[in-house]
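> Need the 3D shape of this:
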Amino acid sequence: MQLRKIKEEEFDKAIQLSEYAFQYKVKKEDLPKRYEMLKRHEIWGEFENEELISKLHILSLEIIIENCRFSMGGLAGVATWPEHRRKGSVTRLLNKALLAMKDKGQTISLLHPFNIPFYRRFGWELTASVNKYTIEKNDLYRYEDVPGIVFRLNQEDGNSLLNTVYEKWFAKYNHLLIRPDYWWNNYVFTDGYNRIVYKDEKGEPQGYLCCKAADKLLDVQEFVYVTEDARRALWNFICQHDSMVDKVKIIAPAHDQLPYLLNNPRIHQEHYPYFMARIVDVEEFLKQYPFIIIDSPLSITVTDEKAEWNNRTYFISQNGIASQPRSEKGKLSMDVQTLTAVFLGSQKPAFLHECGKIKGKEEDVIQLEKSITKLPAAFIDFF
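Numbering: from 1, shown residues only. Reported below is the predicted structural model:
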């Protein structure tokens with residue numbers, strides 16, 4: 001067995017494995033575009049006699065926490081040929097990926113799990129869910145018109161206007177992806193999806209939709225707005241499809257309040273656990289973390305079964321971050337999954353303490369909660 005990076009001339013092997021594992025087919029005419037996308041990935045594979053038996057991709061991306069950017073390794077395309085499964089190959093790849101991300105300064109990692117318990121064993125934790133709404137056309141109740149205009153963008157118009165809205169909107173959340181231009185074109189607006197923008201009466205962009213109408217369904221993948229007028233204007237645009245569609249489907253972050261604002265809130269709603277995250281390098285992550293207030297020093301002992309370099313006690317004070325071996329016990333203790341959920345704003349420390357995932361005194365848990373972000377976690381991209 002040999003574990004190494006996949007070379008460009010071996011991209012076809014990686015594509016063939018993905019096609020089999022994820023049950024899709026890349027059209028011949030789309031291969032050049034796929035090769036260009038793969039050049040942005042760091043792809044690790046395990047080989048037996050130069051035959052690829054398993055692989056995973058690491059995407060070099062960034063997420064936001066309290067307006068601070070964190071270098072993030074996005075794991076994707078984890079796959080093994082069936083005849084080589086259950087032999088530890090993916091375990092070896094994930095262990096290598098953790099080391100590779102640490103070496104690149106990617107202090108946190110995100111992934112979309114095929115199986116949440118499986119990735120929890122490797123230190124990832126569920127941190128972002130989405131709400132999926134299905135709205136019958138009879139419930140498409142229009143508001144009175146608001147000032148401003150709604151218009152359609154062409155792909156050649158670029159994405160800077162959309163990104164302006166997106167970056168205003170993500171100030172309400174943690175965990176969201178920083179989107180370079182190539183990401184907008186290749187991962188957000190795929191074939192058939194429209195870019196619908198709202199500008200207010202001053203000409204400022206304040207909202208957008210990513211949507212597609214087909215087969216009597218309006219599929220809204222992103223409904224992003226900064227102001228109430230933007231929400232109403234874009235909702236009215238959705239309602240204008242009432243003669244074309246039978247249903248509207250909308251995906252929104254878990255903390256979204258759209259149903260309450262509908263004339264009939266009794267719509268079909270699904271709360272879907274979506275993305276997982278994992279702190280790769282605890283000390284470096286904490287050094288970058290935007291602590292809100294530190295009234296008195298914190299100390300946290302962390303347990304990490306898959307990344308031994310994180311098994312330390314971390315001391316957090318106004319003077320910075322320091323660490324010692326775990327023999328020096330902190331006031332609080334938790335595993336790396338719990339630490340990730342806490343510092344991303346996915347779960348409240350008080351809840352995690354109550355259910356036994358955080359060990360320590362209640363007053364130290366309260367101090368921790370004062371010190372960290374109050375913003376909820378959200379994620380709406382896919383890789």
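> any idea where the strands of the stretch 1-150 of the chain begin and end?
When secondary structure is read from DSSP state E, counting those that start in this stretch, the stretch 1-150 of the chain shows strands at 2-5, 41-48, 51-65, 68-80, 108-111, 125-136, 149-153.
> got those as JSON lines, with mean pLDDT, distance to Ala100 and mean neighbour count columns?
Glycine gets a C-beta too; all of them are placed from N, C-alpha and C. Below are the strands of the stretch 1-150 of the chain laid out as JSON lines (pLDDT from 0 to 100; distance: least, CB to CB, whole Å; neighbours: other CB atoms under 10 Å):
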{"stretch": "strand 2-5", "mean pLDDT": "97", "distance to Ala100": "9", "mean neighbour count": "12"}
{"stretch": "strand 41-48", "mean pLDDT": "98", "distance to Ala100": "7", "mean neighbour count": "19"}
{"stretch": "strand 51-65", "mean pLDDT": "98", "distance to Ala100": "6", "mean neighbour count": "21"}
{"stretch": "strand 68-80", "mean pLDDT": "98", "distance to Ala100": "8", "mean neighbour count": "20"}
{"stretch": "strand 108-111", "mean pLDDT": "98", "distance to Ala100": "10", "mean neighbour count": "25"}
{"stretch": "strand 125-136", "mean pLDDT": "98", "distance to Ala100": "20", "mean neighbour count": "19"}
{"stretch": "strand 149-153", "mean pLDDT": "96", "distance to Ala100": "37", "mean neighbour count": "13"}
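> Phi and psi next, for Asn174.
Main-chain torsions, Asn174, degrees, to the nearest 10: phi -100, psi 170.
> Could you give the number of residues near it?
Each residue near Asn174 was counted by other CB atoms under 10 Å, and the total is 27.
> ok, it - contacts?
By CB atoms under 8 Å, 6 or more residues apart in numbering, the residues touching Asn174 are Ile63, Ile64, Ile65, Glu66, Leu344, Gly345, Thr373, Leu375, Pro376, Ala377, Ala378.
> Might you report the residue contacts of the third one?
Read it as Ile65. For Ile65, the contact set (CB under 8 Å, 6+ apart) comprises Asn174, His175, Tyr289, Pro290, Phe343, Leu344, Gly345, Thr373.
> Next one: it from Glu8, what distance?
From Ile65 across to Glu8, the span is 34 Å (CB to CB, to the nearest Å).
> Now for the protein: which helix has the highest residue count?
When the chain is scanned for its longest helix (criterion: DSSP state H), the result is helix 89-103.
> Reformat the contacts of Asn174 as CSV; add distance to Pro32.
What follows is the contacts of Asn174, written out as CSV (distance: CB to CB, whole Å):
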residue, distance to Pro32
Ile63, 30
Ile64, 32
Ile65, 36
Glu66, 40
Leu344, 37
Gly345, 40
Thr373, 42
Leu375, 40
Pro376, 40
Ala377, 36
Ala378, 34
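> any weak-confidence spans in the chain?
In the predicted model, the chain carries no residue with pLDDT under 70.
> looking at this, Asn185 is in a helix?
Yes - under the criterion used here (DSSP: H, G, I helix; E, B strand; the rest coil), Asn185 sits inside a helix.
> Contacts only, for the residue of the chain most remote from its centre.
Among the C-alpha atoms of the chain, the one most distant from their mean position (CA atoms, centre = their mean) is that of Asn49, at 36.1 Å. Remark: with contacts taken as CB under 8 Å, 6+ apart, Asn49 is in contact with nothing.
> can you pull the contacts of the closest residue to Asn154 other than its chain neighbours?
Closest residue in space to Asn154, ignoring its immediate chain neighbours: Arg195 at 7.7 Å, by CB to CB, 6 or more residues apart in numbering. Under the criterion of CB under 8 Å, 6+ apart, the contact list for Arg195 reads Arg152, Leu153, Asn154, Gln155, Asp157, Leu162, Phe189, Tyr208, Leu209, Cys210.
> Tell me the bridge partners for Arg195.
As for beta bridges, Arg195 partners with Leu153, Cys210 under DSSP bridges.
> and what of Asn174?
With beta bridges defined as DSSP bridges, Asn174 has these partners: Ala377.
> Please look at Met72 and Gln106 and confirm they touch.
Yes - the criterion here is CB atoms under 8 Å, and Met72 meets it with Gln106 at 5.9 Å.
> circling back to that earlier point, nearest to Ile238 among the contacts of Asn174?
Proximity of those to Ile238 was ranked by CB to CB; the top entry is Ala378 with 20.7 Å.
> I'd like the distance between the closest one and Arg195.
Counting by CB to CB, the separation of Ala378 from Arg195 is 21 Å.
> what do you get for Leu93?
Computed with CB to CB, the distance linking Leu93 and Arg195 is 37 Å.
> Now do the strands in the stretch 151-300 of the chain.
In the stretch 151-300 of the chain, the segments counted as strands under DSSP E, counting those that start in this stretch are 194-199, 205-214, 217-225, 247-253, 268-279, 298-303.
> Give me the contact list for the fourth one.
The set of residues external to strand 247-253 that reach it, using CB under 8 Å, 6+ apart, is 128, 130-137, 140, 173, 216-223, 238, 241, 258, 376, 378-380.
> Go again with 6 Å.
When contacts are defined by CB atoms under 6 Å, 6 or more residues apart in numbering, strand 247-253 is touched by residues 130-135, 217-221, 223, 238, 378.
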